[in-house]
Each structure stands twice: as structure tokens, then as C-alpha cells.
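S.K.: What shape does this take:
(one chain, ligands or ions: 1)
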Amino acid sequence: MSDLSSLIKAVISGDRDKAAQLAMEAVNTGINPEEIITKGLQLGMMTVGEKFSSGEYFLPDMLMAARAMKSALEVLQPLLAKSGLPTLGRVVIGTVQGDMHDIGKNVVATFLGGSGFEVYDLGLNVSARQFVDAVREKKADILGLSALLTTTMPTMGQTIKDLEKAGLRSRVKVIVGGAPVTAEFARFIGADAHARDGGAAIPVCKKLVQRGGA
Ligand code: B1M
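M.R.: Residues are numbered from 1 along each chain as shown. Alright, predicted model coming up:
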């Protein structure tokens, strides 16, 4: 049915313009934007990671691939954004301090925004202090923390401790995710939930606001 192989190749080769163009073409042929992300762009990035691990790709190759994925995501984001619906809840989200990986977090933010949450994206390399301040200011129902490096995962636990110190922990649910983050790790640091990917984050966050709303 849907052939996303050229798009996958454009991400792997880091061809920014082609990735955006092929994403638009895929939309025009009737492929659902979510499918373009999960069955196209993400598969391309997975291959890029494998090539980096095997020594075939270096940092600049990863960076170019990341830019290609971003330019394609920019085409898809407006199609996933929903407006005019009553909000399901406010989500503050970001990538933790020391971590420059934001593509997966962007996908999660887009999916949550597209399913009716009001999303405040703090970007990447976000300190625990910035998360705590934003939770307070935005009166967040959910805090989403993303980490892609094993070395930055502990910062998630620190952020939860800082929420406790600020007296905000009981008011906000914390969801964590990112490739190295497991459900076991989420429990270990005292998070409320973990989601493997953007699609899984939607029902998990819906459940969190139902439980939190009582
Ligand atoms: Co880096 N990197 N990187 N990198 N990079 C990885 C993560 C790595 C696995 C590559 C490898 O070795 N195979 C490895 C980490 C090893 C480890 O810690 N165990 C690695 C490394 C080592 C590094 C550097 C240290 C390399 C160096 O400098 N020598 C360096 C670190 C910089 C830093 O952060 N301080 C570095 C740098 C970079 C770039 C900047 C070049 C670039 C990022 C650009 C950007 O994001 N703007 C980059 C990239 C692109 C990758 C890979 C290839 C791809 C990541 C990605 O975007 N995937 C990655 C290899 C890989 O993951 N296969 C790799 C696509 C994205 C859609 O998936 O991010 O997993 P993902 O997000 C998913 C889920 O994880 C989940 O949902 C998302 C959507 O489905 N999810 C959540 C994510 N956040 C969530 C939050 C949630 C819930 C679910 O709730 C809140």
C-alpha cells in the first residue's frame, strides 16, 4: 500500500529538502501523517543509529539525518495539530539537561498536541529548575521528561526530587520516556508513568489526567 522507502532513504542520507518534499508527497497520496512518522521517518533514524554504532556514520551524519527528519516533521506537524477542542490537560515537556536529542520529544509533543492536550514545549537541555518553574507557571497537569542518553537519565530523578522540594509533586503527574528509559527505571525514580513512543504516550497521558482529576 504505502511506500515510504524513498522518504526513509532521504532521512538516512540527510537530504533535508528531499525529506520535506517526500513527506508532502506522501500526505498528498493519502498516507496518514502518523504513519509517515512511525513507519517512515522513525525507521530512517533507527538505521542512522545503527550506522553510527557500527562506525559507518559519524556525528555530522547523525546531525544531517536529524535535520532531514526535522524538516519532514515540520511539514507534518500542522496536519497533526488540533484546534478548537476543549483541552484534555496541560502538559509541560522537554529534554533533560545535558541532552541535545529533541526529535523524539518533538514527536511526543506533536502527538499529544494533536490528541487534544495543551502542550508547552521547553525544548532541549532543560534544567530541573526550568521544569519546576514551568510546572508552577503553567499549572501543568503532566510533566513529560525525555532523555536519549544513559548519562542524562539520572537528571529525570533529580527533577522529580526538585518538584517534591518545591511542594509541587502531588499536583503534577510525571511521565518519562526516550530510547534508554524503561518502565522499571520510571518506577525506580518515582515517576507516575512511562511510554515507549509517541503513540503510547497518548493513552498513558489520558489515563494520568483521569486519575489526577479526581
Ligand atoms: Co545521538 N546518540 N549523540 N545524536 N543519536 C543516540 C541516542 C545513540 C543511541 C546513538 C548510538 O550510539 N547508536 C547514542 C546514545 C548511547 C547511550 O547513551 N546509550 C548517542 C550518542 C552517543 C550521542 C553523542 C554522545 C555522540 C558524540 O558526541 N560522540 C552526542 C550527545 C550530545 C548530547 O546530547 N549531549 C549525540 C548527538 C546527536 C546529534 C545532536 C547529532 C543528533 C540529535 C539531533 C536532535 O535530536 N536534534 C543525534 C541523533 C540523531 C541520534 C540518533 C541517531 C537518533 C535519535 C532520534 O532522533 N531518533 C540516536 C540513535 C537511535 O536512537 N537509534 C542517537 C528518532 C526518534 C523519533 O526516536 O528519540 O527514540 P526517539 O524517540 C521516541 C521514543 O524514544 C519515545 O517516543 C519517541 C517517538 O516515538 N520518547 C518518549 C522520546 N522521548 C519521550 C518522552 C516521553 C515518552 C516517550 O514522555 C515524556
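
S.K.: which helices and strands sit right next to the lowest-mean-pLDDT helix or strand in the chain?
M.R.: Counting by mean pLDDT, DSSP states H and E, the chain has its least confident helix or strand at helix 198-213, which shows a mean of 87. Contacts of helix 198-213 with other secondary structure elements, assessed using 3 or more C-beta pairs under 8 Å, 6 or more residues apart in numbering; DSSP states H and E, are made with helix 103-114, strand 142-146, strand 173-177, strand 193-194. Just so you know, the C-beta spots here come from the backbone N, C-alpha and C atoms, and that holds for glycine as well.

S.K.: how about the most centrally placed residue in the chain, what does it touch?
M.R.: Geometric centre of the chain, nearest residue: residue 105, 1.9 Å, by C-alpha atoms, centre = their mean. With C-beta atoms under 8 Å, 6 or more residues apart in numbering as the criterion, the residues that contact residue 105 are 93-95, 121, 124, 144, 146, 178.

S.K.: Of all the helices and strands packed on helix 198-213, which one is nearest residue 31?
M.R.: Among these, helix 103-114 comes nearest to residue 31, with 15.8 Å by C-beta to C-beta.

S.K.: can you list the residues that contact the helix or strand just after that closest one?
M.R.: Scanning forward in sequence from helix 103-114, with DSSP states H and E defining helices and strands, the next element found is strand 118-121. Outside of strand 118-121, the residues within contact range by C-beta under 8 Å, 6+ apart are 87, 89-94, 105-106, 109, 112-113, 134, 138, 140.

S.K.: ditto for stretch 3-18
M.R.: 19, 22-23, 26, 31, 35-36, 39-41, 43-45, 47-48, 51, 61, 63-65, 67-69, 71-72.

S.K.: on that earlier part again, right, and the pair among the contacts of residue 105 with maximum separation?
M.R.: Of all pairs drawn from these, the one with the longest distance (C-beta to C-beta) is 121 and 178, at 15.0 Å.

S.K.: Between those two, tell me which one has more neighbours.
M.R.: Counting neighbours by other C-beta atoms under 10 Å for residue 121 and for residue 178 shows that residue 178 has the greater number, 25 against 21.

S.K.: distance of the more buried one from residue 38?
M.R.: 16 Å (C-beta to C-beta, to the nearest Å).

S.K.: Please save the CA atoms from stretch 39-59 in CSV.
M.R.: Extracted C-alpha coordinates of stretch 39-59, given in CSV (Å, rounded to 0.1, in the frame of the first residue of the first chain):
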residue,chain,number,x,y,z
LYS,A,39,6.7,3.9,9.5
GLY,A,40,8.9,6.3,7.6
LEU,A,41,10.9,8.9,9.5
GLN,A,42,11.5,6.8,12.6
LEU,A,43,12.7,3.8,10.7
GLY,A,44,15.2,6.1,8.9
MET,A,45,16.5,7.4,12.2
MET,A,46,16.8,3.8,13.5
THR,A,47,19.1,2.9,10.6
VAL,A,48,21.1,6.1,11.2
GLY,A,49,21.6,5.0,14.9
GLU,A,50,22.8,1.5,13.7
LYS,A,51,25.2,3.1,11.2
PHE,A,52,26.6,5.3,14.0
SER,A,53,27.0,2.3,16.3
SER,A,54,28.8,0.3,13.7
GLY,A,55,31.2,3.1,12.9
GLU,A,56,29.9,3.7,9.4
TYR,A,57,28.4,7.1,10.3
PHE,A,58,29.9,9.9,12.4
LEU,A,59,28.4,12.8,14.3
